[in-house]
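Enquirer: A predicted structure for the sequence below; I have some questions about it.
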Amino acid sequence: MEISRPNQRELTVEEQQELEKLKQIVERAIADGILTKAEREQIVTAIRADGQVTYEELIFVQTFLREKVAKGELILDYSV
């Protein structure tokens, strides 16, 4: 299934920087193989920090974490 985004535009320099910061935060959060509730909240806070949530941020987090969980490389532990 192909997803069409007719209004898609290039990310601004600032948006690219925010996406890179988000990637670093996610990498640090999952470095131990477990994503806790606090780490998840830190990721959500980072996504919302600039007052806008981009499609690229959402897709990155969703697909990256889903792939890690599917491969058995990441455990979601929201009980803590």
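Expert: Nice, thanks for sending it over. Numbers count the residues shown, from 1 in each chain.
Enquirer: Point to the residue nearest the middle of this structure.
Expert: Residue closest to the average C-alpha location in the chain (Cα atoms, centre = their mean): V61, at 2.5 Å.
Enquirer: State the three-state secondary structure for that one.
Expert: Taking DSSP: H, G, I helix; E, B strand; the rest coil as the rule, one finds V61 in the helix state.
Enquirer: just for this protein, where's the confidence low?
Expert: Screening the chain residue by residue with the criterion pLDDT under 70, one finds the ranges 1-6, 80.
Enquirer: if you set the cut-off to 80 instead, what comes out?
Expert: Using pLDDT under 80 as the threshold, the predicted model of the chain has low-confidence ranges 1-9, 80.
Enquirer: now the helices: where do they sit in it?
Expert: Remark: helices of the chain, listed N- to C-terminal, are 13-30, 37-48, 55-70; assignment by DSSP state H.
Enquirer: Let me know which of these is the nearest to L76.
Expert: With Cβ to Cβ as the measure, helix 55-70 is the member of the helices of the chain nearest L76 (6.4 Å). In short, each C-beta sits where N, CA and C put it, glycine included.
Enquirer: Now the closest one: buried residues?
Expert: Residues of helix 55-70 classed as buried under the neighbour-count rule (16 or more other Cβ atoms under 10 Å) are E57, F60, V61, L65, K68.
Enquirer: and what of stretch 35-53?
Expert: By neighbour count with 16+ other Cβ under 10 Å, stretch 35-53 contains the buried residues L35, T36, E39, R40, Q42, I43, A46, I47.
Enquirer: quick one on the thing from earlier: can I get the buried residues of helix 55-70 in JSON lines including distance to L11?
Expert: As requested, these are arranged in JSON lines below (distance: Cβ to Cβ, whole Å):
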{"residue": "E57", "distance to L11": "10"}
{"residue": "F60", "distance to L11": "12"}
{"residue": "V61", "distance to L11": "15"}
{"residue": "L65", "distance to L11": "20"}
{"residue": "K68", "distance to L11": "23"}
